[in-house]
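Asks: just coords:
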């Protein structure tokens, strides 16, 4: 009786472990929501505003949130429509412009992922994540 119970517990543990290992392998190159952003990749609202016309604001939130409200002149560029929106963004970008990506809050991973893709896939320099995200912007209005 006891060995049967132990065997069942081991089987359940192995069955629970299989999806966890698969997820760890699949997401090994994704940025964790806990991962720290390098200080050199962060920018405050005040710093970004000081750049004036030399900044392109990128809203990484879903389309519905962007449609409700966004930073003036911000461009929408999110993971859901990356391939569709990237060419529009690149048409607005020019060398020397600093790119500030934001999403809902500092805890939101979307801005980190979009910034990472702009650096790696689009090979763009001067890409920053807005400290505090949209919530941080709203507090400084």
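Replies: Okay, I see it. Keep in mind that this is a model prediction, so the values were computed, not measured.

Asks: gap between the lengthiest helix in the chain and the chain center?
Replies: Ranked by residue count under DSSP state H, the longest helix found in the chain is helix 2-26. With CA atoms, centre = their mean, to the nearest Å as the basis, helix 2-26 stands 32 Å off its chain's centre.

Asks: wait, doesn't residue 130 sit right on residue 43?
Replies: Yes. Applying CB atoms under 8 Å, one finds residue 130 in contact with residue 43, separated by 6.2 Å. C-beta coordinates here come from the backbone N, C-alpha and C atoms, glycine included.

Asks: neighbours around residue 47, how many?
Replies: Close neighbours of residue 47, defined as other CB atoms under 10 Å, add up to 15.

Asks: which helix or which strand is home to it?
Replies: helix 45-50 (DSSP states H and E).

Asks: give me the buried positions along stretch 42-59.
Replies: Applying a neighbour-count criterion of 16 or more other CB atoms under 10 Å, one finds 42-43, 45, 48, 55-59 buried in stretch 42-59.

Asks: again with stretch 114-127
Replies: So, applying 16+ other CB under 10 Å, buried residues of stretch 114-127: 114-118, 124, 126-127.

Asks: pLDDT averaged over the helix or strand where residue 119 lies - what is it?
Replies: According to DSSP H and E, residue 119 maps onto helix 110-120. Mean per-residue pLDDT for helix 110-120: 94.
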